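# Just to be clear, the model below is a prediction. Sequence and coordinates:
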Amino acid sequence: MDIEARTYPFTRHTPFEMPEEFAWLRENRPIAQVRLATGDTAWLITRYDDVRTALTDPRFSRTINREGAARVDTGFQADADSPVFNFGGSISEPPGHTRWRRLVNQAFTARHAESMRPAVAAHTDALLDGLAATGRFDLMADYAYQLPIRVICDLLGLEQTARPEFSALAARITRRDLTSSFVEFGQALQDIGRYAIGLIVRKRQNLGDDLLSTLIALTDEEDGKLTNEELVSTVILLLMAGYESTAVQLGNAFYALFREPAQMRRLREEPEIVGRAVEEILRYAQMGTGYAIAKFTTEDVELSGGTVPAGSTVFVSLASANRDEKVFGEDADRFDIGRGCAHRQTAFGYGPHYCLGAALARVEMQEGIARMLARFPGLRFDGPDLDDVPLASNLFTFYPAELPVRI
Ligand code: HEM
C-alpha cells in the first residue's frame, strides 16, 4: 500500500468502519510516518501494545505546540497551539497533572460512580416517561444528548433553576463540526470558565454532597487543596470530556444495534449482558475523525514496532488498537456483544490520562441502553434507510446527526 501518497487522517465513512490503512499498517508498518494535510509529516502508532506503551511513557509529552512540531490542521486553526489538543492548562502535564489527578482520583472512584447509578436510572426513567408520550422521537437530540448533561449537572450540584442556563452554555461546545468557528468555540469555553468561577464561589459558601463540593473540600497531606484555577479547569474538563463523548457513544450504541438486528435481539433476550455489550460498543464505535491522541516525543523512543525519533509529533490511535487482531481476534471488525475480551478495549485511553469518568460513563451507558430497551419493546428505527442516516463527525466524535425512532 502506498501510504506516503495518502493523507492522514485517513477517510472514514461511518463510526464503525475503520480505514483500510489501519490493518495494513498494524501488519506492515506499525510505527509509520504519515503526511498531514498541511504538508508536514507526523508519526502514527497503530498496534495495541505500542499504543498502550506510548500512552504510559512520559517521553511522549502531551504538550504538542512545541518548536519543530508538525502543523496540524484540525479545521479550527492551522497550528497546534489551540485548546483543542491542549485544553486543561496547568493540569494537563506533569507535575500539575500528577498532583491534580492524585487529588481528583479520591473523588472519582468506581464506588462513587456506582453510588450515582440510582440517580442516573431516575434521570433515564424521567426522560423515557417524556418520550413515551410522543411515539416518535430523535434518539440523539431527545435522549442521548439529554442524559449526560443531567449527570454532569448532578456532579456539579447545580440547583434545578440553574440547569437550563448551564445546559445551554454546555451545548455551545458540542455538535461542532470541523468548520465551526474557532473563535466561537473559544468564546464558549471562556463563558463556561466564567460560569465555573461563579459556581465555585457559590459552592464554597454552601457545600453540598455533590462531587464539586467534594473536590472543593478535599485535602491531601502531600498535595494540599485544589486551587481555584484547578477547580475551574476541572469543571471545563468534565464538560469537554464527559458530555458529548457519552452522548455520542450512547447514540452509536443504538445505531449499531439497529444495524445488527441479531445483536439487538440477543441483548433484549439477555439483558444481563449489557455490561459486556457496552464494552463491545465502546470498542466498535470509534470516536472522532481519526486524529487520535496527539503527543510529542521529547527523546527517541523504541517501541516493539520501531523507533520514533525525538522531536516528533505522534498520533496514538485508540481506534486502530481497538481493532488489533492479536488482541481481539481475526473477527475484530465484527460487532459481537458477547465478545469475551471486549473489556480490553482502549476507548477510555490508558495510563496517567486514563478517562477519569470511565466508571461513570459505563453506568450511564448501561442504564441508558438497558432501560430504553426494557421500556420500549417495540423500539425501532423510523427513517428511510439506516445506511442513509446523516452522520456528523469532528475531531472528537462520529455519530448519527439524527436517529429517528418509533416505539
Ligand atoms: C463513553 C464516554 C467516554 C469516552 C469514550 C471517554 C474517553 C476518554 C479518553 C480516550 C480520555 C483520555 C484522553 C487522553 O489520553 O488524552 C479521557 C479522558 C478524560 N475523561 Fe473521558 N470519556 C468518556 C466519558 C467521560 C465522562 C462521563 C467524564 C466525566 C464526567 C469524563 C471525564 C474525563 C476527564 C476529566 C479526562 C481527562 C483525564 C486526564 O487527563 O487525566 N469522560 N476520556
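Done, it's in.
# what are the ranges of the helices in the stretch 51-200 of the chain?
83-86, 96-105, 110-115, 117-132, 146-156, 163-171, 182-205 (DSSP state H, counting those that start in this stretch).
# possible to save the ones you listed as a markdown table with mean neighbour count?
C-beta here means a position set from N, CA and C on the backbone, and glycine is covered the same way. Formatted as a markdown table, these follow (neighbours: other C-beta atoms under 10 Å):
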| stretch | mean neighbour count |
| --- | --- |
| helix 83-86 | 18 |
| helix 96-105 | 17 |
| helix 110-115 | 13 |
| helix 117-132 | 16 |
| helix 146-156 | 22 |
| helix 163-171 | 15 |
| helix 182-205 | 15 |
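# May I see the ones you listed organised as JSON lines, with mean pLDDT and distance to residue 33 added?
Listed next are the helices of the stretch 51-200 of the chain as JSON lines, based on pLDDT from 0 to 100; distance: least, C-beta to C-beta, whole Å:
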{"stretch": "helix 83-86", "mean pLDDT": "42", "distance to residue 33": "20"}
{"stretch": "helix 96-105", "mean pLDDT": "91", "distance to residue 33": "28"}
{"stretch": "helix 110-115", "mean pLDDT": "96", "distance to residue 33": "40"}
{"stretch": "helix 117-132", "mean pLDDT": "98", "distance to residue 33": "44"}
{"stretch": "helix 146-156", "mean pLDDT": "96", "distance to residue 33": "37"}
{"stretch": "helix 163-171", "mean pLDDT": "92", "distance to residue 33": "38"}
{"stretch": "helix 182-205", "mean pLDDT": "88", "distance to residue 33": "28"}
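# Of the ones you listed, which is nearest residue 247?
Across the helices of the stretch 51-200 of the chain, residue 247 has its closest neighbour in helix 146-156 (5.1 Å, C-beta to C-beta).
# show me the contacts for residue 101.
Counting by C-beta atoms under 8 Å, 6 or more residues apart in numbering, residue 101 touches 91, 352, 356.
# cutoff 7 Å now
By C-beta atoms under 7 Å, 6 or more residues apart in numbering, residue 101 lies in contact with residue 352.
# With the one 3 residues further on instead?
By C-beta under 7 Å, 6+ apart, the contact set of residue 104 is 215, 234, 356.
# can you tell me which of the residues you listed lies nearest to the ligand?
Here the nearest of the contacts of residue 104 to the ligand, counting by C-beta to the nearest ligand atom, is residue 356; it sits at 3.8 Å.
# Can you tell me the closest non-neighbouring residue to residue 336?
Closest residue to residue 336 apart from its sequence neighbours, by C-beta to C-beta, 6 or more residues apart in numbering: residue 280 at 6.4 Å.
# Now distance to the ligand too, for the helices of the stretch 51-200 of the chain, in CSV please.
Formatted as CSV, the helices of the stretch 51-200 of the chain follow (distance: least, C-beta to the nearest ligand atom, whole Å):
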stretch, distance to the ligand
helix 83-86, 9
helix 96-105, 5
helix 110-115, 9
helix 117-132, 11
helix 146-156, 6
helix 163-171, 12
helix 182-205, 14
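# Neighbours of the spatially closest residue to residue 386 that is not a sequence neighbour, how many?
Closest residue to residue 386 apart from its sequence neighbours, by C-beta to C-beta, 6+ apart: residue 259 at 5.4 Å. Residues lying near residue 259 (other C-beta atoms under 10 Å) number 16.
# For residue 232, give its distance to residue 2.
Between residue 232 and residue 2 the computed distance is 47 Å (C-beta to C-beta, to the nearest Å).
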